[in-house]
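Predicted model and sequence follow; I will ask about them next.
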Number of protein chains: 2
Amino acid sequence: MERAAVDLVLRDGIHLATIEAICEEAEVSSRTFFNYFDSKEDAILGLSDIKVTDEIVLAHARSARDHDVVTSSVGLIVELISPSLQNTSLHQSRTEILRRYPELFARKVARLTRITDELLDAVRKLMSHDPRFSDSAGAASLLAEPILSLCTASVRISAKEWIAAGSDAPIDEITIRAVALARQVVEKLR
Amino acid sequence: MERAAVDLVLRDGIHLATIEAICEEAEVSSRTFFNYFDSKEDAILGLSDIKVTDEIVLAHARSARDHDVVTSSVGLIVELISPSLQNTSLHQSRTEILRRYPELFARKVARLTRITDELLDAVRKLMSHDPRFSDSAGAASLLAEPILSLCTASVRISAKEWIAAGSDAPIDEITIRAVALARQVVEKLR
DNA sequence: TACATAATTGCACAATGTGCATAATTAATC
DNA sequence: GATTAATTATGCACATTGTGCAATTATGTA
């Protein structure tokens, strides 16, 4: 049904890709459609459930060089979004859809804000592993949000570049490039 | 009608605050409602049209100490959101609504992404006034997005604190505090 | 008053989404 | 293989949001 939804949007446009049409294409009833997706856009955008587990967070906290919170945060973010980067066929169609219909970003972002709190907790944990934040206890917690934003934006750009370059390079390249961008910002602004 | 929408949501809950009920309260027809708002949430959230004019951008570029891009960007962002901070009665109700119904952030964010491109252009202009970015021409443009994210997040936190403290202090306090937060991040991460 | 313009409304309609009862499919057990 | 139990798909009625269009009402102006 996701395939049908995505294909129809690209073929007929978002307005003609009604639930009815999608269900006809997928050969299911419209009622069944809503048994699987909360909304039409869920199917179109493929809003999979990202989980931020303690294991993943800890793994990144330990593996980052010097326990740098930027490196570990970027690594974590890239790992979380990597499934949607690798699922090539569907994902490419979805990327094209977002390009054509920027309004749909809304839902996508909505889902992301749903996990923003989880990500913030994760960044705070990662900060606690970073020696530069080990002394300043509670006050530093306020910095988690700006740090997360900085890292997320860097990943966004880096992923864009990666996709534009043909998605050939290993995904780690996204991480490396994103960390470099974040560092540049810090260097320039200090 | 905005007043009626906001009041009803707080009184009866989002589900019972239907268009029909809101229109009854506001004593207009539902058709009239949609002549003024594109959607129910528009009225509830009061998504006013933020305009990023060249004048405002230039004013901030010039007034910022040392033409620091963080200071000017934060100042710009605070100025853009200040109307919604000052319109006390309605805004307080809306803040409470967002607290109760975090899902509604979606639309709010959607509107913000609509002006993200404008904001990015603004930040690039502000960067061009910052001596630290004057040499590195095109490459630095990539940094606009992370910088904007950093500033936006800092403002978000600072505004939250400001509201929590009772919204008594002048709005400039938001700017000052946000700049301080952004600076802390940069200092810590370098 | 008479006229032009703008604001409001009614009505028909399309589309999304939900609740609930029923049918069809599949798997499990004897 | 037949029977039963679980899951999955469906049909139908309905509420809600939102739009297009034509008609009506209100408002200002000469």
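Good, I have the coordinates.

who in chain A is up against DNA strand C?
Residues of chain A lying near DNA strand C by C-beta under 7 Å from any atom of the strand: A:T18, A:I19, A:E20, A:S30, A:R31, A:F34, A:D38, A:S39, A:K40, A:E41. All C-beta spots, glycine's among them, are computed from the backbone N, C-alpha and C.

Who wins on neighbours among those residues?
A:E41 (20 neighbours; other C-beta atoms under 10 Å in any protein chain shown).

Make sure that one is actually in contact with A:L104.
Yes: contact criterion C-beta atoms under 8 Å: A:E41 and A:L104 qualify, at 6.3 Å.

What is the strand or helix carrying A:I44 packed up against?
Using DSSP states H and E, A:I44 sits within helix A:40-45. Helix A:40-45 sits against helix A:2-12, helix A:19-26, helix A:88-100, helix A:105-129, with contacts defined as 3 or more C-beta pairs under 8 Å, 6 or more residues apart in numbering or on different chains; DSSP states H and E.

Go again with 6 Å.
Packing contacts for helix A:40-45, counted by 3 or more C-beta pairs under 6 Å, 6 or more residues apart in numbering or on different chains; DSSP states H and E, involve helix A:2-12, helix A:105-129.

From the chain's centroid, how far away is it?
Counting by C-alpha atoms, centre = their mean, to the nearest Å, helix A:40-45 is centred 16 Å from the centre of its parent chain.

With stretch A:40-60 instead?
Counting by C-alpha atoms, centre = their mean, stretch A:40-60 is centred 8 Å from the centre of its parent chain.

quick one: terminal-to-terminal distance for it?
35 Å (C-alpha to C-alpha, to the nearest Å).

avg pLDDT for it?
Stretch A:40-60 shows a mean pLDDT of 85.

List the buried residues of that stretch.
A:K40, A:E41, A:D42, A:A43, A:I44, A:L45, A:G46, A:L47, A:I50, A:V52, A:V57, A:H60 (16 or more other C-beta atoms under 10 Å in any protein chain shown).

Next one: the first one relative to A:D12, how far apart?
In this case it means A:K40. Going from A:K40 to A:D12 by C-beta to C-beta, to the nearest Å gives 14 Å.

A:L181 against A:S154, yeah?
Yes: between A:L181 and A:S154 there is a contact at 4.3 Å, judged by C-beta atoms under 6 Å.

name the element the most centrally placed residue in chain A belongs to?
The centroid of chain A falls nearest to A:I81 when counting by C-alpha atoms, centre = their mean (4.2 Å). With elements taken from DSSP H and E, the one containing A:I81 is helix A:69-86.
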